[in-house]
Structures are given as C-alpha cells and as structure tokens.
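Q: Predicted model and sequence below, questions to follow.
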Amino acid sequence: MVDREAFYRNVVHSLRNGVIAIWRDGSIAVVNDAAYRILGVAASASHLGRPFHEVLGRDHDLTDVLSLAFTDTALPNRAELRLRSSGKAVGYTLCRIADRDGTVSGAALLFKDLTRVEQLEERERLRDRLAALGEMAAAIAHEVKNPLAGIQVMAGVLKRQLPESPDTHDLLTDIINEAKTANQIVVHVLEFVRPMSLQVEAVSIATVIDTAMATVRSLPSARRTTIAVDRDASLPRLEADPLQLRQLFTNLLTNAVEAISDGGHIWVTSGYAAADESTEPGEQPDYAGYVTVEVTDDGPGIPAEVTEQIFSPFFTTKPRGSGLGLAIVRKIVNAHDGRIDVGPRTGGGTRFRVRLPVPHSTNASGRSPTAPRTAGRTHV
C-alpha cells in the first residue's frame, strides 16, 4: 500500500525551490529544506504550527510577502526581491490553497535563489558594455595617441631652443607632463576594453601579494604608509593568471596608499573557506572553495552613496584619477570567476574583499586540514 501522504511530503521536501505553506490563521504548515537553505535558517520541527512572523521575524522581507496572502486580491506572481538579511536575490510566487469547494484554507510561497543568475546576467551586460566601449576606444586611440606624441616631441624641441627662458621651460614641462598624463589615460582605456586572455597556471597567492607589495613599496607616496601582511601559509594554489592577479592587488594597494597619502596603515589578510555544498541538492558546487584576500586601510573611507559606483569605468573621487583602476580590478576578478565587494572598516577606513575560486582539481594536500596553520606578520 503506497503511503500517499509520505510521498507528497517527500515531493515538497525534494523540490529545489523553497516552499513555505501557512494555514489560514498564519501558522506554518510546511517549510521544506530548500527554504531553510536559501534563508540561512536552521531547520526545526518546532517551527510547524507557529506564526510565520515569529519564525521569520517581523521585519523579514518574506514576512511582508506572506502578509499579503489573505488581504490582497491579486497576489504577486514571478516577482523578485533582494533579501536585506543576506543580500540574496530571490524570485517568488504567492498563491492561495483552496479546498475542493473553493474554501481558502491556507497559502503557499514558492521562491528560488536567483543570485547566481543575477551575477551571470550582470557579467553579460558588462561584456556588452565593454564590447561597445572597446569599439569606440579602438577607433579613437590612433587619432588621440599620435597628436599627444607630437605635442610631447614639439614641446621638447622648444625647450632645447629656448635655453635662456626658465619661465618658458616650466610652462613647456607642464605641457609635456599633461600630455603624458593624457596618453596614460588612453593606454588605461585600451587596457580596460581589450579582451582579456588569461594565461592560467598554478599560482601561490602569497607570492602574488608579495610581488604586488614590492611594486607599491617603491611608490613615493607609500614611504609614510605601514603595510601589515597576515597570510595563511597553508592556502591552496589557484588556477589563475599570475600577471593579472599581480595587477589586481597592485591596483588595490595603490588605491589604499593614495587614500591615506598623509600616512596611515594598510592591512592585507588572506584565508580559505570551503564552498557551500548545500547550494542545490544533489549538485556539486562549482569550486572546492575560495581563497579570500582583504585589503583594508584606515583612510577617510568611501561615502556610502558612491559605493555602488566605485567599480564603474571613469568614476573616481580623486582629483587626478582616471577612474579605471578599480574597474580593471573588477574585470580581472570577473575573468577568474571570483567576487569582489567593498565596505567600511570598523573604526574608519575601507575594506576590499576579493574571493578567488579554488578548483576541485586542486589536491587536498594543497591545504591539509592536519597541517599546522602558520602565519607570519611583516611590516614595510
């Protein structure tokens, strides 16, 4: 004899979409495993029979949605929202549950984590924008670079022809420097829009960071800055392009140095975390885990209103910035299928966090759980 009730229960709990069903009085009838996973809530049999706003919290986004179940005539279908608690994007449908005679006995909320889909769509939109920008940049680069080179050459000739005029020399020097700055912006634009071809190999993130630090340490503006590095010696090696990663961290460190030009502190930390294996039942995560590197400074910080724009091309808060340094950083991170975010540092300043994936092919011995965790702190 088939246990139909058990079968239906197993169907609900096997769904990859989250399901929350409530009775007419607002008490919870069903919460499946996917719902708990997406919401990041620990599963508990005690949730059944309790009001949904007690389990989810009165200020939870889905509490607001479920509150519409028996009040609105038209219920949301295939709508989307971003959860404030986790930042996840979810798509959802809310429907009423009626008996055979049409009496409404409850409601069901079906929802799915769309964060990964949203990220892929954003990357596709970015590729389209870069393709359009690349065509424009390629068309104007030749027209702009040649006149700039001519300006520098002619200004240099004039300096040699007017050796007795110090004021003229200073003016011509300014012209040459400005022409060099403009030429560098053109170079950065071409570098940003050029399709990225990764030369992938096994990479030690500690070596990459050390190389980037050596470059930044030579900057005149870094002489009054203290950089502290705290790295985990047992981090697994990445499958990545070492030159691109070096540019990534050089740009982040240079950005931090420029933010605290009057002297200050920069902290670079790194670590490893295994991938969340519960993203989808029966599916293996895309990667074994992620190496996370944080670059933090005690500078003035980034205003909250410009945080969303900080990685946009040509956006800068610096008087002479090109606005391409952080845009290139995000491009490199995306090319490695990683993630980057920015936020305030506790106590003042800015924190950039970069997550780079570690493939399943990496041997587990690359980070042995039994190996001693040694960390060295250096100051430059």
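A: Looks like it came in fine. Computed from a prediction, not measured in an experiment: that's the story for all the values here. Numbers count the residues shown, from 1 in each chain.

Q: could you pull out the strands for this protein?
A: Counting by DSSP state E, the chain has strands at residues 18-23, 28-31, 79-82, 89-98, 104-113, 201-203, 225-232, 238-240, 264-274, 289-297, 339-344, 350-358, 375-379.

Q: A132 is nearest to which of the ones you listed?
A: strand 339-344 (22.9 Å; CB to CB). In short, each C-beta sits where N, CA and C put it, glycine included.

Q: Name the nearest residue to A35, ignoring sequence neighbours.
A: Spatial nearest neighbour of A35, chain neighbours left out: G18 (3.4 Å); criterion: CB to CB, 6 or more residues apart in numbering.

Q: got JSON lines for the strands of the chain, with mean neighbour count too?
A: Listed next are the strands of the chain as JSON lines, based on neighbours: other CB atoms under 10 Å:
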{"stretch": "strand 18-23", "mean neighbour count": "20"}
{"stretch": "strand 28-31", "mean neighbour count": "20"}
{"stretch": "strand 79-82", "mean neighbour count": "14"}
{"stretch": "strand 89-98", "mean neighbour count": "17"}
{"stretch": "strand 104-113", "mean neighbour count": "19"}
{"stretch": "strand 201-203", "mean neighbour count": "15"}
{"stretch": "strand 225-232", "mean neighbour count": "18"}
{"stretch": "strand 238-240", "mean neighbour count": "23"}
{"stretch": "strand 264-274", "mean neighbour count": "17"}
{"stretch": "strand 289-297", "mean neighbour count": "21"}
{"stretch": "strand 339-344", "mean neighbour count": "15"}
{"stretch": "strand 350-358", "mean neighbour count": "22"}
{"stretch": "strand 375-379", "mean neighbour count": "11"}
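
Q: Run through the helices of this protein in chain order.
A: Using DSSP state H, the helices found in the chain span residues 4-14, 33-39, 52-56, 61-66, 115-161, 166-193, 205-217, 242-259, 325-335.

Q: can I get those helices in a markdown table with distance to G343?
A: Listed next are the helices of the chain as a markdown table, based on distance: least, CB to CB, whole Å:
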| stretch | distance to G343 |
| --- | --- |
| helix 4-14 | 36 |
| helix 33-39 | 22 |
| helix 52-56 | 26 |
| helix 61-66 | 21 |
| helix 115-161 | 18 |
| helix 166-193 | 24 |
| helix 205-217 | 20 |
| helix 242-259 | 14 |
| helix 325-335 | 14 |
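
Q: Neighbours of E118, how many?
A: When neighbours are defined as other CB atoms under 10 Å, E118 has 16 of them.

Q: same question but for N17, I mixed them up
A: With other CB under 10 Å as criterion, N17 counts 18.

Q: separation between it and K112?
A: Using CB to CB, to the nearest Å, N17 is found at 5 Å from K112.

Q: repeat for A21
A: Taking CB to CB, one finds A21 at 16 Å from K112.

Q: what would the helices of the chain look like in CSV with distance to Y290 and mean pLDDT?
A: Below are the helices of the chain laid out as CSV (distance: least, CB to CB, whole Å; pLDDT from 0 to 100):
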stretch, distance to Y290, mean pLDDT
helix 4-14, 28, 84
helix 33-39, 18, 90
helix 52-56, 29, 91
helix 61-66, 26, 90
helix 115-161, 14, 79
helix 166-193, 25, 80
helix 205-217, 11, 91
helix 242-259, 14, 91
helix 325-335, 12, 88
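
Q: Nearest to G26, out of these?
A: Among these, the nearest to G26 by CB to CB is helix 52-56 (5.9 Å).

Q: helices and strands around the closest one, which ones?
A: strand 28-31, helix 61-66 (3 or more CB pairs under 8 Å, 6 or more residues apart in numbering; DSSP states H and E).
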